[in-house]
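*Asks:* dropping the sequence and predicted coords here.
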Amino acid sequence: MSYEPKKIPVVLLSGFLGAGKTTALNRWIQAGIEPNSLIIVNDFGQLNIDAELIDYEDEQIIRLQNGCVCCTLGGSMAEKMAEIGRLSPAPSQVYMELSGIADSAKIVDMIRVSQRFVLRDNWCFVDASLAAQHSVDELVNTVWERQIQSATQLVINRCLPQQPLAVPLADLVEKTRAPVHYEMMPTMESATSIRPAPAIADASSGWHSLSVESEYGIQERVLVELLQSYADTLYRAKGRVCLDAAASKGYVVQYTRGQCHCSPTFQVQKTQLVFIGRSLEKLQRLQQKLQALCKKNQD
């Protein structure tokens, strides 16, 4: 009689860029997840910033760069899952944080047909404050809707439960019929006023991600103002900025569609920033300006 190994439960964390996936995963870890759990972080870009922001045993985190593999089910994702399936002892559970532009419906299908894994839940995180923009943005709306439709659990961030959801999001939630949880995560704020990002109707340019690494940093006010000046093309920026390498002093920056939040930290040795947007030419200009600012502080 052949031995059939017990299937490994998988919990997905999906949702669009900046919706709160990493924050939720850290909260679950602090509350206590199953011993011997494995965490997969699939970020979009050369730097896996989300993995660096997760407070978990480093050897139990698997980093997958270029999160577009989740959109196409490329080899690296399938190969990594096959490797995990052969581990002995097997992990008690796998938590997989998907890239914000991943088509989570395809990942759900992959797990559901697997002989080694079983889907425990697909937690989809939604930023209600950006729902109206996402619904009319042709670069965003299809993947955003598919993320919500494939959810088994929905977490609505930045929305009071007593307030009705905006029509585009309310319709999607009703069709999904997944249990809805409300989080009181505040709208991100910065030292400068928040400027709404314009709606974008042309999806022809696609997604692009660039990064900056430096031993030197950028003052918070200067960085926020620079990011805000690219609100027409910049969807997401995140990372750590070093202000004093000797003291490991700096700040964490989280920017999402015109909203920016910076928080001080003492766990940073160098500046690492990733930014995601729709115009490669404009993102390259932003990258050059960031590099010039770091070099100026070096000099």
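*Replies:* Now that the structure is in, tell me what you want to look at.

*Asks:* could you use CA atoms for every contact and neighbour count after this?
*Replies:* Noted.

*Asks:* for this structure, which element, helix or strand, carries the lowest mean pLDDT?
*Replies:* Ranked by mean pLDDT, DSSP states H and E, the helix or strand of the chain with the weakest confidence is helix 69-72, at a mean of 40.

*Asks:* so after it, what's the next helix or strand?
*Replies:* Of the helices and strands lying after helix 69-72 in sequence (DSSP states H and E), the nearest is helix 75-85.

*Asks:* residues of that next one that come out buried?
*Replies:* M77, M81, I84, G85 (16 or more other Cα atoms under 10 Å).

*Asks:* ok, stretch 134-153 next?
*Replies:* Going by neighbour count (16+ other Cα under 10 Å), the buried part of stretch 134-153 is 134-135, 137-141, 143-153.

*Asks:* so which of those sit within helices?
*Replies:* Of the buried residues of stretch 134-153, the ones assigned to helices by DSSP state H are H134, S135, N141, V143, W144, E145, R146, Q147, I148, Q149.

*Asks:* now do the same contact list for the fourth one.
*Replies:* Under the criterion of Cα atoms under 8 Å, 6 or more residues apart in numbering, the neighbours of V143 are I101, A102, D103.

*Asks:* reformat these into TSV and put secondary structure, neighbour count and distance to H181 next to each item.
*Replies:* Below are the contacts of V143 laid out as TSV (DSSP: H, G, I helix; E, B strand; the rest coil; neighbours: other Cα atoms under 10 Å; distance: Cα to Cα, whole Å):
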residue	secondary structure	neighbour count	distance to H181
I101	coil	22	22
A102	coil	27	22
D103	coil	26	21
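
*Asks:* and those, which is closest to Q272?
*Replies:* I101 (20.6 Å; Cα to Cα).

*Asks:* can you tell me the SS state at P89?
*Replies:* Of the three states, P89 takes coil under DSSP: H, G, I helix; E, B strand; the rest coil.

*Asks:* any idea how far it lies from Q287?
*Replies:* Applying Cα to Cα, to the nearest Å, the value for P89 to Q287 is 44 Å.

*Asks:* try G20
*Replies:* Using Cα to Cα, G20 is found at 25 Å from Q287.

*Asks:* when these two are compared, which one has more neighbours?
*Replies:* Set side by side, G20 and Q287 show more neighbours around G20, with 23 against 18, by other Cα atoms under 10 Å.

*Asks:* any idea how far the more buried one lies from N297?
*Replies:* Using Cα to Cα, one gets 32 Å for the distance from G20 to N297.

*Asks:* one more: E183?
*Replies:* Using Cα to Cα, one gets 39 Å for the distance from E183 to N297.

*Asks:* which one of the two has more residues nearby?
*Replies:* Set E183 next to N297 and count neighbours by other Cα under 10 Å: E183 wins out with 18 against 13.
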